[in-house]
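In: sequence unavailable; structure follows:
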């Protein structure tokens, strides 16, 4: 079972309420989003340090996300995908455009030391 959860209109609220959550936002036709998904999935297959963090991916071009988009109007301002947003107990924390495990780990070390 992959640690990179598929987030959609039914489970986004519960996912974001985790003590620490990493949400990768992308679109289904975005090559960079696919590459970041692959890199993150590969990392999570062997990671033992960040097991207390939930990791998820949401595809913004899929239906059923109106509630998510209304609750998070900042999404309408995104101009670069993929976009990675961290949450601590449901509140937005560190974020970055693009991918990169090392970039992600730097932000996680700031908000949720292992």
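Out: Cool, got the structure. The structure displayed is predicted, hence computed values, not measured ones.
In: going forward, measure contacts and count neighbours with C-alpha atoms only.
Out: Will do.
In: who does the most centrally placed residue in the chain bridge with?
Out: Computing the C-alpha centroid of the chain and ranking residues by Cα atoms, centre = their mean puts residue 23 first, at 1.4 Å. Beta bridges link residue 23 to residue 56, residue 85, judged by DSSP bridges.
In: show me the contacts for the residue nearest to residue 6 when sequence neighbours are not counted.
Out: The spatially closest residue to residue 6, leaving aside those adjacent along the chain, is residue 57, at 5.3 Å (Cα to Cα, 6 or more residues apart in numbering). The contact partners of residue 57, by Cα atoms under 8 Å, 6 or more residues apart in numbering, come to 4-7, 23-26.
In: would you list those in JSON lines and tack on pLDDT and secondary structure?
Out: Output for these, formatted as JSON lines (pLDDT from 0 to 100; DSSP: H, G, I helix; E, B strand; the rest coil):
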{"residue": "4", "pLDDT": "97", "secondary structure": "strand"}
{"residue": "5", "pLDDT": "97", "secondary structure": "strand"}
{"residue": "6", "pLDDT": "97", "secondary structure": "strand"}
{"residue": "7", "pLDDT": "97", "secondary structure": "strand"}
{"residue": "23", "pLDDT": "98", "secondary structure": "strand"}
{"residue": "24", "pLDDT": "98", "secondary structure": "strand"}
{"residue": "25", "pLDDT": "98", "secondary structure": "strand"}
{"residue": "26", "pLDDT": "97", "secondary structure": "strand"}
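In: of those, closest to residue 49?
Out: Taking Cα to Cα as the measure, residue 4 is the one of the contacts of residue 57 closest to residue 49, at 15.1 Å.
In: which regions of the protein lie under the pLDDT threshold?
Out: For the chain, the stretches with pLDDT under 70 are 1, 114.
In: biggest helix in it by residues?
Out: Using DSSP state H, we find that the single longest helix of the chain is helix 31-46.
In: contacts for that helix, please.
Out: For helix 31-46, contacts defined as Cα under 8 Å, 6+ apart pick out 2-4, 26-28, 81-82, 98-101.
In: can I get the residues you listed in CSV including distance to residue 47, neighbour count and secondary structure?
Out: Below are the contacts of helix 31-46 laid out as CSV (distance: Cα to Cα, whole Å; neighbours: other Cα atoms under 10 Å; DSSP: H, G, I helix; E, B strand; the rest coil):
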residue, distance to residue 47, neighbour count, secondary structure
2, 12, 11, coil
3, 10, 16, coil
4, 12, 19, strand
26, 23, 24, strand
27, 25, 17, coil
28, 26, 12, coil
81, 24, 19, coil
82, 21, 25, coil
98, 21, 18, coil
99, 17, 20, coil
100, 15, 15, coil
101, 11, 14, helix
